[in-house]
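Novice: quick one: sequence and predicted model below, then my questions.
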Amino acid sequence: MFLKFSTAYEAFIIIFIAGLIGFTVNIFHPKGYVLAPRFELGKRNIVQISADEAKAKLETGSAVFLDARDEDEYNVGHIRTSINVPFDSEKLSYNTNTWSIAELNGPKEPVVYCGGVSCGASQRLAERLIALGYARHIYVITRGYSEWEERGYPVERQEVR
Amino acid sequence: MGILKAYCSDFLYGNKITSVFRILVGVLLLFAGIPKIFDPPAFGAVIMQYEIIPGPLVPYAAILLPYIEILIGMNLVIGFRLKATSLIGMTLMAAFIYGIAINLYRGRTFDCGCFNFETLGFIISEEIGPLSIVRNAVMLFVFFVLFRAHRYRFSVDGLLDKMHLKNI
């Protein structure tokens, strides 16, 4: 036989050892490749910001504010001009290069927030936007609406019906 | 004529000349492989030029290839696991020849990136062309001879065989 099984097996072992050394060295290599899982790369687009930075964005009008909390909390009070997009909202979709939330189609950058540090809805909404295909940066107000309110920055309250 | 034929078959069976070729190819592979480990992304860019493997796989190839070259180069020099080593070598050379040939067919020429000493301070630039195909073909031939050979002079494999025979 032209090729013995043992030879092929040894060849495989040699390549395996090469891979083991190569990828181990790469981890510590100053010029090495960063081999990150796809979802980790997605998270790089999420930028954590403070309420102060968010206010600057509100004043320059360069951002569209998305409130990731549910409707009741939104109605109690929200950042001025913000749109209510609960993180599990079915309103949020992306069809043939058009977002169902019209503001996302423009040049404005999305700033996402929820109740506070531990609410997690803003992070999940940001991740969902990325999963749906949003390719630009998404800003998350780390300490959320509670920090915004504490600083006395402009809020809107819905009329209680 | 008879002497030449006998010498050729001796070469194919595995004599000192076979071993000299083996060690030369091994050293060449070490020289090709070692500089590439200093700057993986630069080597990745070289692989990218060839346009024969999909972009997302390029980093993996750039990390793996130099170490395969170094390992089989070392194996050739010391003469260890030569059948498996020459099997990998044949595959590697065939892939290199394919990569160069298809780019020549596409009508593109660029630095082959075979020996990249830029990080060590000097540059051997060689554009892809018939010469690089010939060099790889010669190496492919040496690997083929080694793969079919039965005796390896000056090698760990030969030494192990001798010890094995003594112990029988």
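Specialist: Perfect, I can see it now.

Novice: contacts only, for B:Pro41.
Specialist: A:Lys31, A:Tyr33, B:Ala62 (CB atoms under 8 Å, 6 or more residues apart in numbering or on different chains). C-beta coordinates here come from the backbone N, C-alpha and C atoms, glycine included.

Novice: scratch that, A:Lys31
Specialist: B:Phe38, B:Asp39, B:Pro40, B:Pro41, B:Ala42.

Novice: ok, B:Arg151 next?
Specialist: Per CB under 8 Å, 6+ apart, neighbours of B:Arg151: B:Tyr13, B:Gly14, B:Asn15, B:Gly158.

Novice: give me every residue that touches the residue in chain A that chain B sits nearest to.
Specialist: Nearest residue of chain A to chain B, counting by CB to the nearest CB: A:Glu10, 3.4 Å away. Residues near A:Glu10 by CB under 8 Å, 6+ apart: B:Arg81, B:Lys83, B:Ala84.

Novice: what about B:Lys16, how many residues nearby?
Specialist: 11 (other CB atoms under 10 Å in any protein chain shown).

Novice: separation between it and A:Ala18?
Specialist: According to CB to CB, to the nearest Å, B:Lys16 stands 29 Å off from A:Ala18.

Novice: re the thing from before, among the contacts of B:Arg151, which lie within helices?
Specialist: Using DSSP state H, the members of the contacts of B:Arg151 that fall within helices are B:Tyr13, B:Gly158.

Novice: please list all residues in contact with the residue of chain B found nearest chain A.
Specialist: Taking CB to the nearest CB, chain A has its nearest neighbour within chain B at B:Ala84, 3.4 Å off. By CB under 8 Å, 6+ apart, the contact list for B:Ala84 reads A:Thr7, A:Ala8, A:Tyr9, A:Glu10, A:Ala11, A:Ile13, A:Ile14.

Novice: can you give me the mean pLDDT across the top helix by length along chain B?
Specialist: The single longest helix within chain B, with elements called by DSSP H, is helix B:82-105. The average pLDDT within helix B:82-105 is 94.

Novice: what's the helix or strand following that helix in contact with?
Specialist: Counting by DSSP states H and E, the next helix or strand C-terminal to helix B:82-105 is helix B:130-148. Contact partners of helix B:130-148, identified using CB under 8 Å, 6+ apart, comprise B:11-12, B:18, B:21-22, B:25, B:28, B:76, B:82-83, B:85-87, B:89-90, B:93-94, B:96-97, B:100-101, B:104, B:112, B:114, B:126, B:152.

Novice: what about burial for these, which qualify?
Specialist: B:18, B:21-22, B:25, B:28, B:76, B:82-83, B:85-87, B:89-90, B:93, B:96-97, B:100, B:112, B:114, B:152 (16 or more other CB atoms under 10 Å in any protein chain shown).

Novice: what ranges do the helices span in chain A?
Specialist: A:5-28, A:38-43, A:51-60, A:71-76, A:121-132, A:144-150.

Novice: mind showing which ranges of the chain have poor pLDDT?
Specialist: You didn't say which chain, so I picked chain A. Counting by pLDDT under 70, chain A contains low-confidence residues at A:1, A:38-42, A:159-161.

Novice: actually, chain B is the one I wanted.
Specialist: In chain B, residues with pLDDT under 70: B:116-125.

Novice: got the residues of it near chain A?
Specialist: B:37-42, B:44, B:59-60, B:62-64, B:66-68, B:70-72, B:75, B:81, B:83-85, B:87-88 (CB under 8 Å from any CB of the partner chain).
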